[in-house]
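Peer 1: make a model of this:
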Amino acid sequence: QVQLVESGGGLVQAGGSLRLSCAASGGTFSTYVMAWFRQAPGKEREFVASISRSGGTTDYANSVKGRFTISRDNAKNTVYLQMNSLKPEDTAGYSCAADQGLYSGSYYRETQYDYWGQGTQVTVSS
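Peer 2: Predicted structure coming up:
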């Protein structure tokens with residue numbers, strides 16, 4: 001059983017930056033595909049970014065491409081989401097997720113992931 005704990009959320013002005021962290025415990029972190037999802041009030045949860053076990057492959061939602069960067073440190077059992085040039089529409093609860101399978105074309109699907117964190121709130125003011 002893997003436990004995921006996110007941190008780093010907060011209130012930031014438009015154009016600012018935040019770095020989210022997701023610390024994993026209870027499993028072998030380097031064997032999990034990791035991802036970030038977000039959910040805004042009244043909206044469905046949506047894919048943000050994903051990263052393969054080694055960190056060699058990443059994918060992003062079109063809405064964040066060029067502004068967000070996902071990375072991981074397998075020695076620290078942590079995945080990160082660096083968010084730059086934040087916009088008010090980035091306001092959401094951000095959750096990390098872990099998948100025990102291989103990195104595949106289904107990286108953007110919620111159902112691909114086995115474990116989820118509780119989330120951290122990001123609010124971007126205009």
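Peer 1: helix or strand for the residue most central in space within the chain, which one?
Peer 2: Among the residues of the chain, Trp36 comes closest to the average C-alpha position under CA atoms, centre = their mean, at 2.1 Å. Applying DSSP states H and E as the criterion places Trp36 in strand 33-39.
Peer 1: so which elements touch that strand?
Peer 2: Packing contacts for strand 33-39, counted by 3 or more CB pairs under 8 Å, 6 or more residues apart in numbering; DSSP states H and E, involve strand 18-25, strand 46-51, strand 68-73, strand 78-83, strand 92-99. All C-beta spots, glycine's among them, are computed from the backbone N, C-alpha and C.
Peer 1: endpoint to endpoint, stretch 74-83 covers what distance?
Peer 2: End-to-end distance for stretch 74-83, by CA to CA, to the nearest Å: 20 Å.
Peer 1: let me fix that, I meant to ask about stretch 114-126.
Peer 2: Stretch 114-126: ends 35 Å apart by CA to CA.
Peer 1: what comes up buried for it?
Peer 2: Neighbour-count burial for stretch 114-126 flags Tyr115, Trp116, Gly117, Gly119, Thr120, Val122, Val124 (criterion: 16 or more other CB atoms under 10 Å).
Peer 1: what do you get for stretch 14-24?
Peer 2: Leu18, Leu20, Ser21, Cys22, Ala23, Ala24.
Peer 1: pick out the most distant pair among those residues.
Peer 2: Leu18 and Ala24 (19.9 Å; CB to CB).
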